[in-house]
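Peer 1: Give me coordinates for this.
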Amino acid sequence: MAKKDKSDKDRGDKSEKKKGSKKKDFSQPGLLAASVTQVARAMRTRLSHGLADSGLYAGQDGVVQLLAQDDGLTPGMLAQKLGVKAPTMTRTIGRMEAQGFVTRQADERDARLTKVYLTEEGRSSVERIALAAADCEQQATIGLSAKEIKSLIKLLIQVEANLSEKAGTLRPSAELTAGPGEDED
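Peer 2: Modelled structure (predicted):
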């Protein structure tokens, strides 16, 4: 067996430290996408459980929240604001109408347009949605400081903007172009 020199000993000490440390390798390709997808799925599942008592299904909460802010939107407007395709929104509205959360009515000025309105049942679900969302967010952020939550939200907004059509008009900031723990030169 060959005699280890000082540099081998130093490398051995470092590799032992790495084995004992709990640091994760965040440089793996696809880790960000997989992590965001998994978190979104977990949050949606948690929120769905919170909404189950009210009779709402996944995705319907967004429709109720939009109509609570601006009642009388067309299905196309709802689809655009929620980032879904029109046929998906049409099915969602049909299901919600059968459940008694919304109603469809012809526009007063242009009878060719159909607008969607919240019913009393739909309006009463707004508070339940807010409570379920707050519970979900509270659970998701256990162990995070207010500052960390604010940073997380800012970062996620930037990631979404980078991936949307708006990305062409944005210039990444210096701290976002450097890798984790790296300074920009």
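Peer 1: how many neighbours does I93 have?
Peer 2: Per other CB atoms under 10 Å, the neighbour tally for I93 reads 21. (Glycine included, C-beta is placed from N, CA and C.)
Peer 1: likewise A68?
Peer 2: 16.
Peer 1: again, but for L82
Peer 2: By other CB under 10 Å, 15 other residues sit near L82.
Peer 1: how much space between it and H49?
Peer 2: Separation of L82 from H49 (CB to CB, to the nearest Å) stands at 21 Å.
Peer 1: And L131, by the same measure?
Peer 2: L131 is 13 Å from H49, where distance means CB to CB.
Peer 1: mind showing which ranges of the protein have poor pLDDT?
Peer 2: Residues of the chain meeting the criterion pLDDT under 70: 1-22, 165-185.
Peer 1: Could I get the full set of helices for it?
Peer 2: Applying DSSP state H to the chain gives helices spanning 6-20, 31-51, 60-69, 75-82, 86-99, 120-140, 146-163, 174-177.
Peer 1: Figure out which of those helices is closest to E108.
Peer 2: E108 lies closest to helix 75-82 among the helices of the chain, at 16.3 Å (CB to CB).
Peer 1: Quick check: buried residues in the closest one?
Peer 2: Residues of helix 75-82 classed as buried by neighbour count (16 or more other CB atoms under 10 Å): 75, 78-79.
Peer 1: May I see the buried residues of stretch 81-98?
Peer 2: Judged by neighbour count (16+ other CB under 10 Å), stretch 81-98 contains these buried residues: 84, 89-90, 92-93, 96.
Peer 1: What of stretch 131-140?
Peer 2: Buried residues in stretch 131-140 (16+ other CB under 10 Å): 132-133, 136.
Peer 1: I'd like these laid out as CSV, including distance to G122.
Peer 2: Listed next are those as CSV, based on distance: CB to CB, whole Å:
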residue, distance to G122
A132, 15
A133, 16
C136, 20
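Peer 1: Distance from the chain centre to stretch 151-163, please.
Peer 2: Chain-centre distance of stretch 151-163: 10 Å, with CA atoms, centre = their mean, to the nearest Å.
Peer 1: Put the alpha carbons of that stretch into CSV.
Peer 2: This file holds the C-alpha atoms of stretch 151-163, laid out as CSV (Å, rounded to 0.1, in the frame of the first residue of the first chain):
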residue,chain,number,x,y,z
SER,A,151,-38.1,36.5,-0.2
LEU,A,152,-39.7,33.2,-1.3
ILE,A,153,-42.7,35.1,-2.8
LYS,A,154,-40.5,37.6,-4.6
LEU,A,155,-38.4,34.8,-6.1
LEU,A,156,-41.4,32.8,-7.2
ILE,A,157,-42.9,35.9,-8.9
GLN,A,158,-39.6,36.5,-10.7
VAL,A,159,-39.4,32.8,-11.8
GLU,A,160,-43.0,33.0,-13.1
ALA,A,161,-42.2,36.3,-15.0
ASN,A,162,-39.1,34.7,-16.5
LEU,A,163,-41.2,31.8,-17.8
